[in-house]
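Asks: have a look; sequence and predicted model below, questions after that.
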Amino acid sequence: MAIDPICEMEVQEGKAIKLDFGGLPIYFCSEHCKKTFLDQKSKKTASVKTSADGKTIYTCPMHPEIRQDHPGDCPKCGMHLEPLNPNGEENEDQKEIHSLSQKFWIGLWLTVPLVLLVLGEMIPAFNVESIIPRRFIPWIQFILATPVVLWAGGMFFVKGWKSLVNRSLNMFTLIALGVGAAYAYSTIATLFPQIFSESLKKMGKIDLYFEAAAVITVLIILGQLLEAKARSQTGQAIKALLGLAAKNAHRIQNGNEEEVPIDSVQKGDLLRVRPGEKVPLDGIIIEGKSSVDESMISGEPMPVEKKTGDKVIGATVNQTGTFVMRTEKVGAETLLSQIVHMVAEAQRSRAPIQKLADTISGYFVPIVVLISVITFIIWANWGPEPRLAYAIVNAIAVLIIACPCALGLATPMSIMVGVGRGAQMGILIKNAEAIEKSEKITYVLTDKTGTLTEGKPKVTTCVPSQGWNEQTLLGFAASIEQSSEHPLARAVIDYAKEKNAKFESVKDFESITGGGIKGKINGQKIVLGKQKFLEEEKIILPEDIKKKSAQLQDQAQTVVWVAVEQKVVGILGISDPIKKTSSQAIRELHDMGIKVIMLTGDNHKTAQVIAKELGIDDVRAELEPKSKQEIVKQFKAQGARVMMAGDGINDAPALAQAEVGVAMGTGTDVAIESAGITLVKGDLNGIVKALRLSRAVMSNIRQNLFFAFIYNILGVPVAAGFLYPFFGILLSPIIAGAAMAFSSVSVVGNSLRLRRIELK
């Protein structure tokens, strides 16, 4: 969770309310702010796909603000509602597809003979009237068309009526008006032919449009069916993730091992994981070692070596060895559950670019209805004979061909597929806005440790001052570091243990952010930290040690100074190897026109050495956590579009300040809450993939919007008969219906291409 600016001010002034959350200090400016945070966390632990009474929540792909606890249609656009968070069951998807399929095939079987009958009338060679008397033909058409229009297509009239009642005109408004007008006109002409004037008759009979109403209905149902099948594929990423979860676990209790359902496992339970099995839940290895395939989380194919003390993630696959793990997270707390929740929320979020489509859609249907009325008036007054027949046909064609659905689907379909694709590659996107902003990034500001480097520092050099020995230096350093949360502390402690140094108890421990730590061991004051920190403590630094420190910094080692009772005991050189992916990733960022800036609390020399090796554009070193936020502000003030990459905890203010915050690392609760994007595998290569994904998604959205716009700009005038005076071309309502049906399918199909996009 990003720190609110008010909370940040309170932290600096020492007035904030502190809460220990999962071992991490979280600050709040008031009890209200604290309560809001806890309420949000409690809601998150509940099932995200159900309401308070356990019912599944349904929402609209085009209007995510529409939510209800039962299936149905969207009151705004008429689309079939989908489960908010697919749970692996496809009942609702299949019900809709089965219903549409049934209506399509029955409608098709009734429409085919209807069309053949009409063609038989039009082609003299068939001589249909020699088989069926003329007076019976309209009634046969009526009998065949009525179930198609009123039963198979009845849902269109229901949705069209709801759109009028809810004052939210949509594509079903146009379909109901168009098909309804054709069917009603034909029905009246069949039942009461005597009320029509002779001017409306051709060869002594009135033109009927039963076949147009039926064919349009069947084509639109086919379009809806294809769209439903395509839309069901947009949720495959979530369903695939849910399908990865283990179903059972081998629990060890009182020395006995038993296989139990995953739902019965509790925090603290010991589980045995054998080769080839899925890791049941998130936890820590307490016995054994192995290699684990974490590609389902990180997108990286190479297995990761695991040993005692390492964390393992639920649903990853154990490969070579057997180990025993202690369960730390269950249910909605697991990383897999958090990913599913995050992906579902992101897929329903709205990108800023969608405001354009929403604004146009609000005016679209009334304008189309107006154009249809104008078309009718023009053809009825100035068209060729029979004028009224031409007026009806062209007015219906205008209503049918216009498709606001394609316009409305252009953005959400791309977002849904893009977010799902990102999740499969270990890129967790919080909302659609993060995708849109990422496309325009010009600067990437990144931390050093754990992002550019491995994040696994090791002590490589130990230099005692004159009169002191290595064991004493390591004893003082490791003892006081035991109380520190700094990443370098573990390196010092591990090295001291390897050298069998003696650990002592520490009193009056104090940590100074961005400087170092202080405490007392056996009554002696110990100071450990940066060179500048010791100088601020008025400690005199020996020249020979200062020279050695400079040499280590030139070798890209971080130097930690240790002093006892104002005297320097020695220094420790700590190395953190550069990740193999960092150099290539920076080159690729440069190829994308993006500059990379390193922000680090390390000393200038060490930072400059790493920056030079990697080709980084600029370096800001010896920074305190709060300084990073100021640097982000400075870049933004100069017109830069900034992406800030950090751990999601100490860097929270800077992440919130940036255009897009990227949390690097394992994707913990706090990291996921802190940033717009979370990378499960925390390195710059993940940022490259995220930026490529954002560019691909935004390009796909623009393609969809262009197609929807150009389709209507060209289609409506043609349907209105604009080309008739020049080329004698008129658009049949049947052709208009086919074009409208497949416009939405084309948008969804184009969006689905994102599932195959290569991000490497």
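Replies: Arrived safely.

Asks: just the strands in the stretch 401-550 of the chain please.
Replies: 427-429, 443-447, 458-464, 507-512, 516-521, 524-529 (DSSP state E, counting those that start in this stretch).

Asks: most tightly packed of the ones you listed?
Replies: A comparison of the strands of the stretch 401-550 of the chain by mean neighbour count, using mean count of other C-beta atoms under 10 Å, puts strand 427-429 on top with a mean of 28. Every residue, glycine included, has its C-beta placed from N, CA and C.

Asks: report the buried residues of stretch 306-313.
Replies: Going by neighbour count (16 or more other C-beta atoms under 10 Å), the buried part of stretch 306-313 is 306, 312-313.

Asks: so in this protein, which strand runs the longest?
Replies: strand 567-575 (DSSP state E).

Asks: the helix or strand harbouring residue 284 packs against which elements?
Replies: Using DSSP states H and E, the element containing residue 284 is strand 282-288. With contacts defined as 3 or more C-beta pairs under 8 Å, 6 or more residues apart in numbering; DSSP states H and E, strand 282-288 has these neighbours: strand 311-312, strand 323-329.

Asks: ok now that strand, how far from the chain's centre?
Replies: 30 Å (C-alpha atoms, centre = their mean, to the nearest Å).

Asks: for stretch 624-643, same thing?
Replies: Worked out by C-alpha atoms, centre = their mean, stretch 624-643 lies 25 Å from the chain centre.

Asks: number of residues surrounding residue 600?
Replies: Residue 600 has 24 neighbouring residues, counting by other C-beta atoms under 10 Å.

Asks: mind pulling up the pLDDT for residue 654?
Replies: For residue 654, the pLDDT comes out at 81.

Asks: could you verify my assumption that it touches residue 645?
Replies: No - checked against C-beta atoms under 8 Å, the pair residue 654 and residue 645 is beyond contact range at 9.5 Å.

Asks: mind checking which of these two has more residues around it?
Replies: residue 645 (32 against 29).

Asks: what sits up against the helix or strand hosting that one?
Replies: Using DSSP H and E, residue 645 sits in strand 642-646. If you take C-beta atoms under 8 Å, 6 or more residues apart in numbering as the criterion, strand 642-646 is touched by 438, 441-447, 451, 628, 632, 635-636, 651-652, 654-655, 657-664, 675, 684, 687, 691.

Asks: burial measure for residue 273, as a count.
Replies: Neighbours around residue 273, by other C-beta under 10 Å: 27.

Asks: spatially central residue for the chain, please.
Replies: For the chain, the residue nearest the mean C-alpha position is residue 419 (3.3 Å; C-alpha atoms, centre = their mean).

Asks: could you measure that residue against residue 444, distance?
Replies: 21 Å (C-beta to C-beta, to the nearest Å).

Asks: repeat for residue 681
Replies: Distance from residue 681 to residue 444, by C-beta to C-beta: 17 Å.

Asks: one more: residue 118?
Replies: 64 Å.

Asks: also residue 682?
Replies: Residue 682 is 14 Å from residue 444, by C-beta to C-beta.

Asks: which parts of stretch 573-592 are buried?
Replies: 573-576, 578-579, 581-582, 585-586, 588-589.

Asks: now it: mean pLDDT?
Replies: 90.

Asks: list the contacts of it.
Replies: So stretch 573-592 is contacted by 444, 448-449, 452-463, 488, 491-492, 552, 555-560, 595-596, 610, 613-616, 683-685, 687-688, 691 (C-beta under 8 Å, 6+ apart).

Asks: now those residues: which count as buried?
Replies: 444, 448-449, 452-455, 457-459, 461-463, 488, 491-492, 552, 556-560, 595-596, 610, 614, 616, 683-685, 687-688, 691.

Asks: ok, residue 559 - contacts?
Replies: 530-531, 549, 552-553, 571-574, 603, 606.

Asks: can you put those in JSON lines and add distance to residue 178?
Replies: JSON lines is the format used below for these (distance: C-beta to C-beta, whole Å):
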{"residue": "530", "distance to residue 178": "75"}
{"residue": "531", "distance to residue 178": "79"}
{"residue": "549", "distance to residue 178": "81"}
{"residue": "552", "distance to residue 178": "79"}
{"residue": "553", "distance to residue 178": "76"}
{"residue": "571", "distance to residue 178": "82"}
{"residue": "572", "distance to residue 178": "79"}
{"residue": "573", "distance to residue 178": "78"}
{"residue": "574", "distance to residue 178": "74"}
{"residue": "603", "distance to residue 178": "73"}
{"residue": "606", "distance to residue 178": "71"}
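
Asks: need the CA coordinates for stretch 379-399. CSV is fine.
Replies: Coordinates of the C-alpha atoms in stretch 379-399 are reproduced here as CSV (Å, rounded to 0.1, in the frame of the first residue of the first chain):
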residue,chain,number,x,y,z
TRP,A,379,-36.7,8.1,-49.9
ALA,A,380,-40.4,8.4,-49.2
ASN,A,381,-40.6,11.8,-50.8
TRP,A,382,-38.0,11.8,-53.5
GLY,A,383,-37.0,8.2,-54.1
PRO,A,384,-38.0,6.1,-57.1
GLU,A,385,-41.2,4.1,-57.1
PRO,A,386,-42.3,2.3,-55.0
ARG,A,387,-41.1,5.0,-52.7
LEU,A,388,-42.4,3.7,-49.4
ALA,A,389,-40.9,0.3,-50.0
TYR,A,390,-37.5,1.8,-50.7
ALA,A,391,-37.9,4.1,-47.7
ILE,A,392,-38.6,1.2,-45.3
VAL,A,393,-35.8,-1.0,-46.7
ASN,A,394,-33.1,1.7,-46.4
ALA,A,395,-34.2,3.0,-43.0
ILE,A,396,-34.1,-0.6,-41.7
ALA,A,397,-30.6,-1.1,-43.3
VAL,A,398,-29.3,2.1,-41.4
LEU,A,399,-30.6,0.8,-38.1
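
Asks: and it, how far from the chain's centre?
Replies: Worked out by C-alpha atoms, centre = their mean, stretch 379-399 lies 48 Å from the chain centre.

Asks: got the buried residues for that stretch?
Replies: 379-380, 383, 386-399.

Asks: now stretch 207-226
Replies: Buried-residue list, stretch 207-226, by 16+ other C-beta under 10 Å: 207-226.

Asks: cool, stretch 616-624 as well?
Replies: So stretch 616-624, judged by 16+ other C-beta under 10 Å, has buried residues 616, 619-623.

Asks: of the helices and strands packed on strand 282-288, which shows the lowest average pLDDT?
Replies: Among the helices and strands packed on strand 282-288, strand 311-312 scores lowest, at a mean of 89.

Asks: from the buried residues of stretch 207-226, which land in helices?
Replies: Residues of the buried residues of stretch 207-226 located in helices (DSSP state H): 210-226.

Asks: tell me the angle the biggest helix by length in the chain makes with strand 642-646.
Replies: Ranked by residue count, the top helix of the chain under DSSP H comes out as helix 684-720. Helix 684-720 runs at 140 degrees relative to strand 642-646, counting by axes from the mean of the first three to the mean of the last three C-alpha atoms, to 10 degrees.

Asks: gap between helix 684-720 and the chain center?
Replies: 17 Å.

Asks: same check, this time on stretch 268-278
Replies: The answer for stretch 268-278 is 30 Å, by C-alpha atoms, centre = their mean.

Asks: show the average pLDDT along it.
Replies: Here the average pLDDT along stretch 268-278 is 90.

Asks: okay, buried residues for that stretch please.
Replies: Buried-residue list, stretch 268-278, by 16+ other C-beta under 10 Å: 269-273, 277-278.
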